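A.B. asks: fold the following for me, if possible:
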Amino acid sequence: MVSLQALQRMTDTHPNSSKNRILPDRIETARFTLMRFQPDDLDDLYLLYGDANVMAIRKIGVQNRDQTAEQLHLICRSWQQLGLGLYAVRDGSTGRFLGECGLRPDSSDPEDGIALSYGLVPEAWGRGFATETSARVLAAGFGNLALDMILAFAKSDHPASLRVLDKLEFVRVPPRTGQPGGVVRSDLERSNWVSLHGTPK
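C.D. replies: Below is the predicted model of the structure:
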């Protein structure tokens, strides 16, 4: 997750800080509803960020409740200031919280690129949920935000995350300065997305 200081800097310099280009507040898929996180979503987010099995593969590691509250503040601030952020993923029928998925600024990229981020509670693993929700988020990124490229990061020793990125047609790239060891960066260019899925609306 980008730091509060980096987010403040990006607010004034990032092209997507313009309210002319924002992600939708809500995205529907065949099985899920994605809704932008709100300040009262702390209990749900803590189900994810406080789970050691989930956070073992996340860069920020396991978070206590106070740390989760700080992360939620950053997520909400990103929505307010940049018009993009992480969605709460909920079962489309029951409304049950299943995880997060969205786009966020990544301060490890020298041009402050936009990265795909997703994480699901363990009972939602291995069912294609991450691929389905991420595909809709990518379409919104290339459509609503008119991004030229979207980044993604995964741990090199976590094949399930790498398989999701492969299904989404991300291309692995060499490590860059500031990228943590054991982390694989992948890029998806708009032109490649359009060739596979058509022009996003």
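A.B. asks: against residue 137, how distant is residue 45?
C.D. replies: Distance of residue 45 to residue 137, computed by C-beta to C-beta, to the nearest Å: 17 Å. C-beta here means a position set from N, CA and C on the backbone, and glycine is covered the same way.
A.B. asks: which ones are touching the residue nearest the centre of the chain?
C.D. replies: Among the residues of the chain, the one closest to the centroid is residue 117, at 2.3 Å (C-alpha atoms, centre = their mean). In this structure, residue 117 makes contact with 86, 100-104, judged by C-beta atoms under 8 Å, 6 or more residues apart in numbering.
A.B. asks: surely it is within a helix?
C.D. replies: No - under the criterion used here (DSSP: H, G, I helix; E, B strand; the rest coil), residue 117 is strand, not part of a helix.
A.B. asks: what is it paired to in the beta sheet?
C.D. replies: Beta-bridge pairing for residue 117 (DSSP bridges): residue 102.
A.B. asks: next, the nearest residue to residue 193 once chain neighbours are set aside: phi, psi?
C.D. replies: Once flanking residues are discounted, residue 193 sits nearest to residue 142: 5.4 Å by C-beta to C-beta, 6 or more residues apart in numbering. Per-residue torsions, residue 142: phi -80, psi -30 (degrees, to the nearest 10).
A.B. asks: how about the contacts made by residue 142?
C.D. replies: Counting by C-beta under 8 Å, 6+ apart, the residues that residue 142 touches are 150, 190, 193-194, 200.
A.B. asks: so which of the residues you listed is the closest to residue 72?
C.D. replies: Distance to residue 72 across the contacts of residue 142 (C-beta to C-beta) is lowest for residue 150, with 22.9 Å.
A.B. asks: wait, the closest one touches residue 138, no?
C.D. replies: Yes - the criterion here is C-beta atoms under 8 Å, and residue 150 meets it with residue 138 at 6.2 Å.
A.B. asks: now for the two: what residues contact both?
C.D. replies: By C-beta under 8 Å, 6+ apart, the residues touching both residue 150 and residue 138 are 116, 188.
A.B. asks: what helices or strands is the helix or strand harbouring residue 98 leaning on?
C.D. replies: Taking DSSP states H and E as the definition, one finds residue 98 inside strand 97-105. Counting contacts by 3 or more C-beta pairs under 8 Å, 6 or more residues apart in numbering; DSSP states H and E, strand 97-105 is packed against helix 4-13, strand 32-36, helix 42-49, helix 65-82, strand 86-91, strand 114-120, helix 129-143.
A.B. asks: and those as CSV, adding mean pLDDT and distance to residue 185?
C.D. replies: Formatted as CSV, the helices and strands packed on strand 97-105 follow (pLDDT from 0 to 100; distance: least, C-beta to C-beta, whole Å):
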stretch, mean pLDDT, distance to residue 185
helix 4-13, 47, 17
strand 32-36, 97, 24
helix 42-49, 97, 23
helix 65-82, 95, 20
strand 86-91, 97, 19
strand 114-120, 94, 9
helix 129-143, 94, 16
